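Novice: make a model of this:
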Amino acid sequence: CNLPITENYISSLNQQWHPNCFVCKECNSPFTDGAFFEHDGFPYCETHYHALRGSLCAGCHKPISGRCITAMFRKFHPEHFVCSFCLKQLNKGTFKEQGDKPYCHDCFDRLFG
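Specialist: Okay, the predicted model is just below:
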């Protein structure tokens with residue numbers, strides 16, 4: 001904020017911050033549990049950090065840590081990569097795509113065959 005610091009401050013990321021200024025750069029939420037993520041010298045909450053890094057699940061929009069499936073130029077938790085019609089998990093590695101949505105072979109054939 002470029003205002004002088006005259007009282008309490010937070011020292012992090014090689015800078016000093018007013019407590020009210022040390023918030024997620026994207027949503028301005030404070031880090032109530034003390035945990036934050038750094039990107040390009042700025043603090044971010046977990047969700048916005050993963051959004052910047054392209055690691056949010058396209059199914060649930062929550063951060064992905066651990067295993068992930070990349071399909072249709074998006075990333076998914078394995079349990080959220082499901083057929084758009086029957087909602088069964090697409091864990092065999094093969095699926096069909098229609099209208100930017102994944103389908104199992106059976107549903108695809110029934111709907112579009």
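
Novice: the protein: helices as residue ranges?
Specialist: Here the chain has its helices, by DSSP state H, at 46-53, 105-112.

Novice: how about residue 76: what's its closest non-neighbour residue?
Specialist: Excluding the flanking residues, the one nearest residue 76 by CB to CB, 6 or more residues apart in numbering is residue 69, at 4.7 Å. Heads up, the C-betas are built off the backbone N, CA and C, glycines and all.

Novice: hmm, I typed the wrong one, I wanted residue 72.
Specialist: Spatial nearest neighbour of residue 72, chain neighbours left out: residue 97 (6.1 Å); criterion: CB to CB, 6+ apart.

Novice: hey, what's the residue nearest the centre of the chain bridged with?
Specialist: Residue closest to the average C-alpha location in the chain (CA atoms, centre = their mean): residue 56, at 2.4 Å. With DSSP bridges as the criterion, residue 56 is bridged to residue 63.

Novice: next one: it from residue 62, what distance?
Specialist: Applying CB to CB, to the nearest Å, the value for residue 56 to residue 62 is 7 Å.
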